[in-house]
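Enquirer: Need coordinates for the below:
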Amino acid sequence: MQKFSIKPMFAVVVALLFSSSLMAADKDGSADELASVLTSYETYQADFIQIVVNENGGKVQETRGSLKAKRPGLFYWETHAPMSQFIVSDGDKVEVFDPDLEQVTVHKLDDRVQSTPALLLSGEVENLEETYRVSSRQISDDVREFTLEPKSEDSLFVSLRLKFFKNELQEMRMQDSLSQLSVLSFDHIQLNETVDKSAFTLEYPGDVDIIRDEG
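Expert: Have a look, this model is predicted:
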């Protein structure tokens, strides 16, 4: 059963982009090329707009926020009001703070991503091609897109597309098994700038409910 909505699940995918290196043996070089680009990212900071549309193309949700990521495994995600939410990862666990619910949920990171495309970005997969079909296409001289499709029918997601402009991650498109599409567009990108470790902390009132998901 999927425990999270698409919003925090997408955040975990982005977090794991920066957790460690990718290892793959692919015939056309797409996976190796993607790994080479992502592993050059020591830090990544950006504002984002996330739009979720249903199978008919109707907009279900729009959120705005910002994120910070630092290798290995440090991640901070914030969405603004009226759908305020904070997500922080230290590489071992994920904390999700919902101010409106006055609730913090703590998850083990490994347990959170077993059936998602995030697993291939965690650095724990020795052969990417055994789990995913990886392809790429050159959209223009400066724009390249990678598509990752899980081979397992049990995956929660149908495809994940990453679009790069001059090797800078600009957009992610994730389609789930219910034909719902989530588009994450990045702006004000800062790549490989210094980010202090203190930026990856989650502060919340002492009287909130804390729920620990043991898997």
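Enquirer: quick one: His107 from Asp90, how far?
Expert: 12 Å (C-beta to C-beta, to the nearest Å). Quick note: C-beta positions are derived from backbone N, CA and C, even for glycine.
Enquirer: who's more crowded, the two?
Expert: His107 (22 against 15; other C-beta atoms under 10 Å).
Enquirer: hang on, the more buried one in a strand?
Expert: Yes. Assignment of His107 by DSSP: H, G, I helix; E, B strand; the rest coil places it within a strand.
Enquirer: What strands line up against the helix or strand hosting Ala69, and which way round?
Expert: Using DSSP states H and E, Ala69 sits within strand 59-70. Here strand 59-70 has these sheet partners by DSSP bridges: strand 43-53 (antiparallel), strand 74-79 (antiparallel).
Enquirer: so what's Gln170 up against?
Expert: Lys163, Phe164, Ser185, Phe186, Ile189 (C-beta atoms under 8 Å, 6 or more residues apart in numbering).
Enquirer: how about low-confidence regions in this protein?
Expert: Low-confidence segments of the chain (pLDDT under 70): 1-9, 12-13, 15-27, 109-131, 156, 214-215.
Enquirer: for the protein, what spans make up the strands?
Expert: 43-53, 59-70, 74-79, 85-89, 93-98, 103-108, 132-138, 143-150, 157-165, 168-176, 181-191, 209-213 (DSSP state E).
Enquirer: Show the buried residues in the contacts of Gln170.
Expert: Buried by 16 or more other C-beta atoms under 10 Å: Lys163, Phe164, Phe186, out of these.
Enquirer: What sits closest to the last one if chain neighbours are left out?
Expert: Looking back up the chat, that one is Phe186. Among residues not flanking Phe186 along the chain, Ala46 sits closest, at 4.1 Å (C-beta to C-beta, 6 or more residues apart in numbering).
Enquirer: burial of that neighbour, as a residue count?
Expert: 21.
Enquirer: so what's it up against?
Expert: By C-beta under 8 Å, 6+ apart, the contact list for Ala46 reads Ser66, Leu67, Phe186, Asp187, His188, Ile189, Gln190.
Enquirer: one step back: can you tell me which of the strands of the chain is nearest to Ser30?
Expert: Proximity to Ser30 (C-beta to C-beta) singles out strand 132-138 among the strands of the chain, at 4.2 Å.
Enquirer: Buried residues of the closest one, list them for me.
Expert: For strand 132-138, the neighbour count (16+ other C-beta under 10 Å) marks Tyr132, Val134, Ser136 as buried.
Enquirer: can you list those in JSON lines and add distance to Asp207?
Expert: Formatted as JSON lines, the buried residues of strand 132-138 follow (distance: C-beta to C-beta, whole Å):
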{"residue": "Tyr132", "distance to Asp207": "43"}
{"residue": "Val134", "distance to Asp207": "47"}
{"residue": "Ser136", "distance to Asp207": "49"}
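Enquirer: Kindly indicate which of those residues lies nearest Ser40.
Expert: For these, the closest approach to Ser40 (C-beta to C-beta) belongs to Ser136, at 16.4 Å.
Enquirer: Setting aside sequence neighbours, what's the nearest residue to the closest one?
Expert: Ser30 (4.2 Å).
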